[in-house]
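A.B. asks: After the sequence you'll find the predicted model.
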Amino acid sequence: MIVEVIVEDDRWEAVGLEALAEQAAQAVADHLSLTPPDATPFEVSLLACDDARIAALNGDFRDKPMPTNVLSWPSEDRAAGQPGAVPHPPMDPELGDIAIAYETCTREAAAQGKQFPAHVSHLLVHGILHLLGYDHIDDKDAALMEGLEVEILGKMSISDPYED
């Protein structure tokens, strides 16, 4: 899986975001045994931004003009027909776009007592799963998605982000 990273906020450079994104993407692809339909590698675009930028995007696309940690825009609707079911496999090699906000991620990691790279990796896995049609609005969908996150992160030697 190819991750194209666009860095708008230079603070992301010190974190090694490109390497974290590539590791997260590969871990998701490996865990889900994703195989592109025509041997073209799957692609994700990642915008590494600040709270002001993600607040504007959140306002434009979700009518919630406030910062959030991560946003995702899948290239096609892959959602499953039933709550808790596995989404449809991607047919488009371009999976979609993700934006991640530095300040919000920093605050969350500190508040939760987590290492910043581990928290960012969790959010990247979360965002990529959204691109693949997973969601957490319904309880059954949330259980499926969160279970996958825990399994994938475990394979990355990152502890369960949902444990207190």
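C.D. replies: Arrived safely. It should be emphasised that the depicted structure is a prediction, and the values quoted were computed from it without experimental measurement.

A.B. asks: In a strand, Glu163, correct?
C.D. replies: No - assessed with DSSP: H, G, I helix; E, B strand; the rest coil, Glu163 is coil; it does not lie in a strand.

A.B. asks: Show the pLDDT at it.
C.D. replies: We have a pLDDT of 86 for Glu163.

A.B. asks: Relative to Glu149, how far out is it?
C.D. replies: 12 Å (C-beta to C-beta, to the nearest Å). For the C-beta atoms, the positions are set from N, CA and C on the backbone; glycine is no exception.

A.B. asks: Give me the more crowded residue out of the two.
C.D. replies: Neighbours were counted for Glu163 and for Glu149 using other C-beta atoms under 10 Å; Glu149 has more, 23 against 6.

A.B. asks: what about the more buried one, helix or strand, and which?
C.D. replies: helix 139-155 (DSSP states H and E).

A.B. asks: Tell me which other helices or strands that helix touches.
C.D. replies: Where contact means 3 or more C-beta pairs under 8 Å, 6 or more residues apart in numbering; DSSP states H and E, helix 139-155 is packed against helix 17-32, helix 116-131.

A.B. asks: Mean neighbour count, those helices: which tops it?
C.D. replies: When the helices and strands packed on helix 139-155 are scored by mean count of other C-beta atoms under 10 Å, the highest mean neighbour count falls to helix 116-131 (a mean of 23).

A.B. asks: Can you list the low-confidence ranges for this protein?
C.D. replies: By pLDDT under 70, the weakly predicted segments of the chain are 164.

A.B. asks: which residue sits closest to the residue nearest the centre of it in space, ignoring its chain neighbours?
C.D. replies: Here the mean C-alpha position of the chain is nearest to the C-alpha of Gly127 (C-alpha atoms, centre = their mean), at a distance of 1.7 Å. Counting by C-beta to C-beta, 6 or more residues apart in numbering, Ile98 is the residue found nearest to Gly127 once chain neighbours are left out, at 4.1 Å.
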